[in-house]
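# Requesting a structural model of the entry that follows:
(one chain, ligands or ions: 2)
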Amino acid sequence: MANPTLLILAGDGIGPEVMGQVTRIIDWFGAKRDLAFDVEHDLVGGAAYDKHGTPLHDDTMARALAADAVLLGAVGGPKYDNLDFSVKPERGLLRLRKEMDLFSNLRPAQCFDALADFSSLKKDVVAGLDIMIVRELTSGVYFGEPRGIFEEGNERVGINTQRYTESEIDRVARSAFELARRRGNKVCSMEKANVMESGILWREVVQKVHDEDYPDVELSHMYADNGAMQLVRAPKQFDVIVTDNLFGDILSDCAAMLTGSLGMLPSASLGAPNADGRPKALYEPVHGSAPDIAGQGKANPIACILSFAMALRYSFDQGDEAARLEKAVEQVLADGARTADLMGPEDGTPITTAEMGDAILAALDASL
Ligand code: IPM
Ligand code: MG
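Numbering: from 1, shown residues only. Ligands and ions are numbered 1, 2, ... in the order given. Okay, the predicted model is just below:
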């Protein structure tokens, strides 16, 4: 059988250097676990704009649709701040999400024991934390029409539209319930049904999907502002959180920081399953392109490496190998390996991006 294909879009800023460590990990699985991938590379974001004048070339879009999974680094940087909105680096990422129809964005926030002291919250609030935010990713205010900046009388008005159809809510709710069954069996749905009609519909549809097909899963509803508060007050009350595109964007950054560093958190964006049962999928770290530290070997590659672990689990049905990689990461953290984002100013000298890669590869070797 042909090897599965991976399209790597390293992107901008620290994207290429963290992805450099991921390719070493991919090679390791090919060499040591008989799990070889055919890896291709292409451009996205500012890097694509520099070459093609667009943040995602049509050929790249076609390759992404054809690949078994896409791994993305990060997009954006100050160099592109003044570009027209339509060609900003972020548009490349949003086009991938939309055209691949990746409606379910899984953002786990897990606090590694070795890092519990590093959270801005008290250790007992976050130690052992393991929650999953399921963010709707292809609709809502990110894509709703009408949108734009229009003239109205003698001034301008900026308009975006929050829009959700029943089927859009239905499918992301299902993915949250399915996930919950494989974890703590609890879903909390977040919206603003107190002020938004789209929130009222969201709540209704999530409840209906639950009552009809997932009555065994514990379901609760929360207003998203309260959800933000609860996330920093007592995050361990949650198992799976399902929410819309914009609330999910915000709440997932908040949840991410509970774990001590944005440099730790992976994500998976999944679409409907293909004929072979494999979903369209894109994996990317939750962190951004961090232009301030790009090219200096300071970036933490763990979020990107754990995103590949999610690919092993969700695209390639290799849950055991995903766990092997996750354990290797846990091991190096327990052994004290720290990139700069995981250290205070008085904690000594951090290791480099490549040294973190070395340590994880050594832990993988030791796992055999
Ligand atoms: C994210 C990012 C993106 C978003 C940006 C880069 C467009 O913040 O993935 O959370 O807003 O979705
Ligand atoms: Mg975000």
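# interface residues of the chain facing ligand 1?
Residues of the chain lying near ligand 1 by CB under 6 Å from any ligand atom: 90, 93, 94, 249. Glycine gets a C-beta too; all of them are placed from N, C-alpha and C.
# mind listing what the closest residue to residue 57 other than its chain neighbours touches?
In space, and not counting its chain neighbours, residue 57 is closest to residue 48: 6.0 Å by CB to CB, 6 or more residues apart in numbering. Applying CB atoms under 8 Å, 6 or more residues apart in numbering to residue 48 gives the contacts 42, 54, 55, 56, 57, 60, 92.
# Same check on residue 299?
Contacts of residue 299 (CB under 8 Å, 6+ apart): 14, 17, 18, 263, 290, 293, 339, 341, 353.
# check which helix or strand covers it.
Take DSSP states H and E as the rule and residue 299 turns out to sit in neither a helix nor a strand.
# how near is it to ligand 1?
Applying CB to the nearest ligand atom, to the nearest Å, the value for residue 299 to ligand 1 is 17 Å.
# Distance check, that residue against residue 136.
To residue 136, residue 299 is 29 Å away according to CB to CB, to the nearest Å.
# do residue 229 as well
For residue 229 relative to residue 136 (CB to CB), the value is 21 Å.
# The two: which has the busier surroundings?
More crowded of residue 229 and residue 136, by other CB atoms under 10 Å: residue 136, with 26 against 13.
# Check the nearest residue to residue 32 once chain neighbours are set aside and give its pLDDT.
Distance criterion CB to CB, 6+ apart; nearest residue to residue 32, sequence neighbours excluded, is residue 368 at 6.5 Å. pLDDT, residue 368: 96.
# Verify the contact between residue 368 and residue 29 for me.
No. Applying CB atoms under 8 Å, one finds residue 368 not in contact with residue 29, separated by 11.6 Å.
# okay, those two: which has more neighbours?
residue 29 (20 against 7).
# now for whichever strand or helix holds that one, which elements pack on it?
Here residue 29, judged by DSSP H and E, is contained in helix 15-32. When contacts are defined as 3 or more CB pairs under 8 Å, 6 or more residues apart in numbering; DSSP states H and E, helix 15-32 packs onto strand 5-11, strand 69-74, helix 302-314, helix 353-366.
# what's near enough to touch the closest residue to ligand 1 within the stretch 201-350 of the chain?
Using CB to the nearest ligand atom, the closest approach of the stretch 201-350 of the chain to ligand 1 is made by residue 249 at 4.6 Å. Taking CB under 8 Å, 6+ apart, we find residue 249 in contact with residue 135.
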